[in-house]
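**Student:** Take a look and give me a structure for this.
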Amino acid sequence: MARQTYLDTLADREEPVVKNGLCSLCKGTRKLCGRDSCPLMRKFYSKRNTVPIVDTRDIAGCSPPAVFVGKFGYPKVDIGPLLPQEFGDTSLMDTPERWVGRRQSDIVDMRFKLVRGKYRIDAKDFRKAGRIVDNVQELALTAKPLEVETSFSSKPKGRVVLDDSVQPFGPSGRMEQMRVGNGRFERSLEKNFYDVDLNATGAVMASYRAGTRVTEIEKAFSVGTMGIDRDRRFVPTRWSITAVDDIISKNLASGIRFNETIDDYRVYFWDQLDNRWAIIMMPVSWRYEMIEAWWPKSSWNQFDNQVIMEGDHEFFDGIGHYAKITGSYYAARLAVTEKLEAEGRSAGVIVLREIHPGYDIPLGVWNIRENCRAALKYEPIRSDTLEGLWPHVDAFLELDHGRWKAHSAILKDFLTQRRIDDYY
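**Tutor:** Purely as a prediction, here's the structure:
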C-alpha cells in the first residue's frame, strides 16, 4: 500500500465514533466513548506524579538518536528531537529491540529522561520550514547517539507522554533553535533518502532486508526521508509505527502464503511485563488472528470484575480493513511472519495475549512485536492434533481454552469447515 493511502486511512480512523465499552479498542486515541479526553489516560497520568524537572531553557545531551512527530492538528504538527540531559552512549533509551526482559518501571524511568523539543511545521509542505527540519531528518537517519543542543522559548515542562502505540517520554517545550553534531547515517536509510524514485513500500522493505532495525525504519519513515520525492511528507510517529509493521508483515505474508505448511501443531509460550502469550501454529494454509484479553485493573480495562476480550483476523487473502485492535495486530503479525519465512513454511497462526493488572500503564506496541519475537525463539510444545495443545495452554493461561475458542474466528472456521485433507 502506498504511503498516501496509509496517511488517508490513519487520518480517517482518528474521527470519533460514539460507542460504549470500547476502551480496549480505542486505547485512549480514537474517542470512541465520545468524550473530549480519555478518563483512563488521566488515571495513568495521575500515577506518574513525579515529572522530571528541567530547570533551564538550553538543553544539551546525546540523543539516542530519537525524534517525535505529533499527530494533533495534522497536517500542521509538532516535530523535534528527544534528548536526555546527559552525554555518552544513550542508545538504549530508544532501542526497544533491547528492552525485552526489563522491568516496566525501569523502561518508564529511562524514557522519562527524554525531553521533547517541539517545532511546528506543515507535514505536507515541510521543505519550507527551514534548518530545523533538516536537523530532525539527519537525527532520524543517524546510526549512533548524536550530540544535540536546543534552545527553548521557556523551560520544558508538562506531563509525560503515555500512549499505547509509542514509547513513553518526558516533558516538552517549544523549541527555537536546534543544532546537531556530525554523525554517520545508517547505510540503508541513507540510500533510501537519496533514492527519490523508490516508493515508500520499496524503501521500507529494502532497509528491512538490509538488516536495519524496525524501530530505525519507523523513525526514517516518519520524517519524510522515504518514498517518491513529490510524495514525501512527515508522518505522525504513532502512524509510522503501524504503517511500517503493516508494510513489512504484509510483504512477508505474501511470500509465505504459498509455502508448504508446517508438519505439526505447535504452541509457543512467553511471560513478560505481566503479559502472557500463547502463539499457536497449525498445519493449514496462511491465516492469522490476534486476540487480547484485558484483565480488570490492567491498562485498558475500566471494569472491576470483567475480562474484556477483543481481536481481529485474516484468512489467506489478508485483512481488508484497519484492524480493530489497532497496532497490536500488525506488530504481532510481523513477528510470526518473520518466523515462518525463516523456516520457509506457512501456517495458520493464532496469537493469544493475556494482559494482567501489573501492566497498568501503556508502553507502546514494541511490547507486542518484541515479546512475540522473543517467544518464537524458543522450542515450542508440539502435538499431532490441536486438541493435544489445549492442556498446555490451559496450564499456562488463566482463561481456559473454551473461552478462546468461543472468541476465535480462525478456530471456528477450522473446526467447522471441511478441508481437502479430510477426504484422505
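**Student:** quick one: buried residues of the longest helix along the chain?
**Tutor:** The longest helix of the chain (DSSP state H) is helix 237-256. The neighbour-count check on helix 237-256 (16 or more other CB atoms under 10 Å) flags 237-253, 256 as buried. In short, each C-beta sits where N, CA and C put it, glycine included.
**Student:** Correct me if wrong: Gln137 contacts Ser222.
**Tutor:** No. Gln137 is beyond contact range of Ser222, at 10.0 Å (criterion: CB atoms under 8 Å).
**Student:** Against which helices or strands is the longest helix of the chain packed?
**Tutor:** helix 3-12, strand 67-69, helix 200-209, helix 214-222, helix 327-343 (3 or more CB pairs under 8 Å, 6 or more residues apart in numbering; DSSP states H and E).
**Student:** Select, out of the ones you listed, the one closest to Thr56.
**Tutor:** With CB to CB as the criterion, Thr56 lies closest to strand 67-69 of the helices and strands packed on helix 237-256, at 20.3 Å.
**Student:** Count the neighbours of Tyr194 for me.
**Tutor:** By other CB atoms under 10 Å, the residues close to Tyr194 number 9.
**Student:** so what pLDDT did it get?
**Tutor:** pLDDT recorded at Tyr194 is 97.
**Student:** domain parsing for the protein?
**Tutor:** 53-256, 265-423 (automatic domain parsing).
**Student:** so how far is the first one off the chain centroid?
**Tutor:** Computed by CA atoms, centre = their mean, to the nearest Å, the separation of domain 53-256 from the middle of its chain amounts to 14 Å.
**Student:** Dump the helices and strands packed on helix 237-256 to TSV, plus distance to Arg127 and mean neighbour count.
**Tutor:** Converted to TSV, these look like this (distance: least, CB to CB, whole Å; neighbours: other CB atoms under 10 Å):
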stretch	distance to Arg127	mean neighbour count
helix 3-12	16	16
strand 67-69	15	26
helix 200-209	17	21
helix 214-222	16	26
helix 327-343	29	24
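**Student:** how about these in CSV, adding mean pLDDT and distance to Gly80?
**Tutor:** Shown next, in CSV, are these (pLDDT from 0 to 100; distance: least, CB to CB, whole Å):
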stretch, mean pLDDT, distance to Gly80
helix 3-12, 49, 20
strand 67-69, 96, 6
helix 200-209, 98, 22
helix 214-222, 98, 12
helix 327-343, 97, 22
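**Student:** between these, which gets nearest to Val365?
**Tutor:** helix 327-343 (4.2 Å).
**Student:** need the strands for the stretch 301-424 of the chain, in chain order.
**Tutor:** 308-314, 348-355, 381-383 (DSSP state E, counting those that start in this stretch).
**Student:** go on, the stretch 151-300 of the chain?
**Tutor:** Under DSSP E, counting those that start in this stretch, the stretch 151-300 of the chain gives strands at 172-180, 265-272, 275-282, 287-294.
**Student:** what stretches of the stretch 301-424 of the chain score poorly on pLDDT?
**Tutor:** 303-304, 418-424 (pLDDT under 70).
**Student:** Strands of the stretch 1-150 of the chain, residue ranges please.
**Tutor:** Going by DSSP E, counting those that start in this stretch, the stretch 1-150 of the chain shows strands at 58-63, 67-69, 76-83, 115-122, 146-152.
**Student:** Next, the angle from the first one to strand 115-122.
**Tutor:** Looking back up the chat, that one is strand 58-63. Relative orientation of strand 58-63 versus strand 115-122 (axes from the mean of the first three to the mean of the last three CA atoms, to 10 degrees): 100 degrees.
**Student:** what helices or strands is strand 58-63 leaning on?
**Tutor:** Short answer (3+ CB pairs under 8 Å, 6+ apart): strand 58-63 packs on strand 76-83, strand 146-152.
**Student:** Next, the buried residues of that strand.
**Tutor:** Result for strand 58-63 [16+ other CB under 10 Å]: buried residues Ile59, Gly61, Cys62, Ser63.
**Student:** With the last one instead?
**Tutor:** Going by neighbour count (16+ other CB under 10 Å), the buried part of strand 146-152 is Leu146, Val148, Thr150, Ser151, Phe152.
**Student:** May I have the strands that pair with that strand, each with its orientation?
**Tutor:** Paired with strand 146-152 in the same sheet, following DSSP bridges, are strand 58-63 (antiparallel), strand 172-180 (antiparallel).
**Student:** Including distance to Lys118 and mean pLDDT, could those go into a markdown table?
**Tutor:** Formatted as a markdown table, these follow (distance: least, CB to CB, whole Å; pLDDT from 0 to 100):
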| stretch | distance to Lys118 | mean pLDDT |
| --- | --- | --- |
| strand 58-63 | 13 | 95 |
| strand 172-180 | 5 | 93 |
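**Student:** Sweet, I'm off.
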